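*Asks:* Quick check, what structure comes out for this input:
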Amino acid sequence: MARQNLTATRIKPESAELLTLRVLRRERISPHFARVTIGQDDVTAFRPMGFDQWFRLFIPVAEGSLARLPKTLNALAYAKYLTIAKTSRPVLRNYTVRAFRPDGPDGPELDVDFVLHGSEADGTAGPAALWAQRCARGDAVAILDEGIGFNPAPDRTHFLLVADETGLPAIAGVLGSLPRSATGHAVIELPDADDEQPLDAPPGIEVTWLPRTRGATPGQTALAAAQDLPTPTTPAHAWVVGESTLAVSLRRHWVRAGIPKQDIMFCGYWKAGRAH
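*Replies:* The predicted structure is shown next:
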């Protein structure tokens, strides 16, 4: 069963080339989030598109490992990437642009938010989360822009937006890029109430934060709340990202509620119970 339709809906960037950037700073912004700001080197070649713009992030694991990366990531290039020995193959993960500023203290800069799942102490934290807590100014990373998945019909003004913590950067980007006249609902599930972030949402979009109760399966709190939302009386665009069951189940619910499939974007970022 499909777990996303991002490939069919996304708007590709004008150009997609591997860019090398440097860590400018990092900070722990809440109990389950770290923010790393990157820039310098090739940053002037990055073209911000707003909304849920995402990119491939390559984190080096050894000195000089980024130099072996392909300049693009088609099927052949990815196969070559996999032939690199694990001891020198950069870690590859997908992330969303949390914010882009063309005029930062060190020039253009890009914020990337990392969800801190697991624990370093017991070995359950993923390599990207560990890097986000250990990286230092000047450390190199590489990114490959993949464009945006939020692509509603031009006449849509009402929106249903749902995400768990892994989709918080994306939903924040969508809300900040929508016209101020937009209406609708945004439902965001988080591990903890202290993980809430300031959002630049249009006044006509009601934002609901849902701290997850201890022991609850990720995504299920947001799923229940989103299923209780009233069915739109006007054409709407529906968008859900995050835990796979949340994305797939909510898409089914929206289709049964009468929202046309072409007006739904869904993407499972991860699967509960599996390592990140």
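*Asks:* In stretch 67-77, which residues are buried?
*Replies:* 68, 69, 73 (16 or more other CB atoms under 10 Å). The C-beta positions use only the backbone N, C-alpha and C, and glycine is treated the same way.
*Asks:* and what of stretch 260-272?
*Replies:* Quick answer for stretch 260-272 (16+ other CB under 10 Å): 263, 264, 265, 266, 267, 268, 269, 270.
*Asks:* Pick the one among those residues closest to residue 106.
*Replies:* Looking at those and their distance to residue 106, the nearest is residue 269, at 29.9 Å (CB to CB).
*Asks:* that older thread, take the buried residues of stretch 260-272 and lay them out in JSON lines including pLDDT and distance to residue 201.
*Replies:* Listed next are these as JSON lines, based on pLDDT from 0 to 100; distance: CB to CB, whole Å:
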{"residue": "263", "pLDDT": "96", "distance to residue 201": "20"}
{"residue": "264", "pLDDT": "96", "distance to residue 201": "21"}
{"residue": "265", "pLDDT": "96", "distance to residue 201": "18"}
{"residue": "266", "pLDDT": "96", "distance to residue 201": "21"}
{"residue": "267", "pLDDT": "95", "distance to residue 201": "21"}
{"residue": "268", "pLDDT": "94", "distance to residue 201": "24"}
{"residue": "269", "pLDDT": "94", "distance to residue 201": "21"}
{"residue": "270", "pLDDT": "92", "distance to residue 201": "25"}
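*Asks:* got these as a markdown table, with secondary structure and distance to residue 78 columns?
*Replies:* Below are those laid out as a markdown table (DSSP: H, G, I helix; E, B strand; the rest coil; distance: CB to CB, whole Å):
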| residue | secondary structure | distance to residue 78 |
| --- | --- | --- |
| 263 | helix | 31 |
| 264 | strand | 28 |
| 265 | strand | 24 |
| 266 | strand | 24 |
| 267 | strand | 19 |
| 268 | strand | 20 |
| 269 | strand | 19 |
| 270 | strand | 20 |
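*Asks:* quick one: which of those is nearest to residue 40?
*Replies:* residue 269 (28.1 Å).
*Asks:* For that closest one, give me its contacts.
*Replies:* 94, 166, 167, 241, 242, 243, 244, 247 (CB atoms under 8 Å, 6 or more residues apart in numbering).
*Asks:* One more: residue 218?
*Replies:* Neighbours of residue 218 in contact, by CB under 8 Å, 6+ apart: 164, 165, 189, 191, 212, 242, 243, 246, 272.
*Asks:* just to revisit the earlier point, in strands, which of the buried residues of stretch 67-77 fall?
*Replies:* Nothing among those maps onto strands, per DSSP state E.
*Asks:* what's the most distant pair in the contacts of residue 218?
*Replies:* Going by CB to CB, the pair spanning those furthest: 191 and 246, at 14.1 Å.
*Asks:* These two - which one has more neighbours?
*Replies:* residue 246 (28 against 20; other CB atoms under 10 Å).
*Asks:* Need the pLDDT of that one.
*Replies:* At residue 246, the model reports a pLDDT of 97.
*Asks:* Not counting residues beside it along the chain, what's closest to it?
*Replies:* Using CB to CB, 6 or more residues apart in numbering and skipping the chain neighbours, the partner closest in space to residue 246 is residue 219 (3.2 Å).
*Asks:* these two touch, right, that neighbour and residue 165?
*Replies:* No. Using CB atoms under 8 Å, residue 219 and residue 165 do not qualify as a contacting pair, with a distance of 9.8 Å.
*Asks:* Overlap of the contact sets of those two?
*Replies:* 189, 242.
*Asks:* which of these two has more neighbours?
*Replies:* Legend: neighbour count by other CB under 10 Å for residue 219 and residue 165, higher for residue 219 (30 against 26).
*Asks:* measure that one to residue 250 for me?
*Replies:* Distance from residue 219 to residue 250, counting by CB to CB, to the nearest Å: 9 Å.
*Asks:* From the contacts of residue 269, list the buried ones, please.
*Replies:* Those of the contacts of residue 269 that meet the buried threshold are 166, 167, 241, 242, 243, 244, 247, by 16+ other CB under 10 Å.
*Asks:* Alright, calling it a day.
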